[in-house]
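S.K.: I would like to see how this sequence folds:
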Amino acid sequence: GSEMCIRDRSIGVANDLGLQGASEFADAARFRELGSWGAFDWIFSASARVEDSRLDPSTDFEVGTGVVDIDTNSRDVTVGFQRAFMSGADLTIGVEHNNRSTNSLFARNGNKEVLSAAYTRPLLRGSGKDYATSLQEISGLRYQREQESLRAQRQQLLLDIELKYWDLVLAQRQLEVAGSALDLALEQLQRDRRRREAGAGTDVEVIQGEATVARRIEGVLAVETALETRMD
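M.R.: Numbering: from 1, shown residues only. Modelled structure (predicted):
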């Protein structure tokens, strides 16, 4: 009996759709909680810009020198890293490279390298770990709530299985009792018939015995139907 109950528990836990759905909700909450910490990962950014232009000379002096067109080539590359900290601060680091070449008499060719770093931390609103990680804490609480909901649903499922199992055991015992009662009624009917054949009994006793057997058969059928329902 106990082995059968354990088997029923494992079958119920493995096949209950409601419990499987609760498990999926818990997994989704866990991944949302893990993903929320991505706000404190390093963020890499990069951009590039290429510009080629051709203009007419803008001054009479350039026209007099024989310059037909003013060609300008510009190359810009920017790379940056940014990260937010749990304290509420923000760090940004950037590197910028610019290359410019032109045949204009009023502009110079050259390269420009710029390295920048900025550290920002709010002093009042938005500062402190409790504020900066509030979203993560809320996500963690939601994950715990889904876990507890899953645990409660699993316990409720085990309770339902336990109750249904013992309802099944009760129905089996009731069928055994109803079968024994039917056997006794059949034995009594046989004795009443033999007594009537021997002249010591009456037809009324036989009819009463037959009615008792019919009632016992009806009781067995009812208990069998209840047992089938419990088994389902």
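
S.K.: avg pLDDT for the helix ranked longest in the chain?
M.R.: If you go by DSSP state H, the chain has its longest helix at helix 134-197. Per-residue pLDDT over helix 134-197 has a mean of 88.

S.K.: Who are the packing partners of it?
M.R.: On a contact count with 3 or more Cβ pairs under 8 Å, 6 or more residues apart in numbering; DSSP states H and E, helix 134-197 meets helix 2-15, helix 17-36, helix 203-231. Every residue, glycine included, has its C-beta placed from N, CA and C.

S.K.: so S116 bridges to which residues?
M.R.: G94 (DSSP bridges).

S.K.: tell me the contacts of it?
M.R.: T92, I93, G94, V95, E96 (Cβ atoms under 8 Å, 6 or more residues apart in numbering).

S.K.: Show residues contacting stretch 21-41.
M.R.: Outside stretch 21-41, the residues that reach it (Cβ under 8 Å, 6+ apart) are 83-86, 135-136, 139-140, 142-143, 145-147, 149-150, 153-154.

S.K.: Give the other helices and strands that the helix or strand where R49 lies contacts.
M.R.: Using DSSP states H and E, R49 sits in strand 43-55. Applying 3+ Cβ pairs under 8 Å, 6+ apart, one finds that strand 43-55 contacts strand 70-84.

S.K.: by contact count, what packs against the strand it packs on?
M.R.: So strand 70-84, by 3+ Cβ pairs under 8 Å, 6+ apart, packs with strand 43-55, strand 90-102.

S.K.: That one pairs with which strands?
M.R.: Applying DSSP bridges, one finds strand 70-84 paired with strand 43-55 (antiparallel), strand 90-102 (antiparallel).

S.K.: give me the low-pLDDT residue ranges for the protein?
M.R.: Residue ranges of the chain with pLDDT under 70: 1-6, 8, 55-69, 103-107.

S.K.: Please repeat the previous calculation with a cut-off of 50.
M.R.: By pLDDT under 50, the low-scoring segments of the chain are 61.

S.K.: any idea which residue of it is furthest from its center?
M.R.: For the chain, the largest distance from the centre (Cα atoms, centre = their mean) belongs to G199, which lies 79.4 Å off.

S.K.: related to what we said a few turns ago, okay if I get the helices and strands packed on helix 134-197 as TSV plus mean neighbour count?
M.R.: Below are these laid out as TSV (neighbours: other Cβ atoms under 10 Å):
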stretch	mean neighbour count
helix 2-15	12
helix 17-36	15
helix 203-231	14
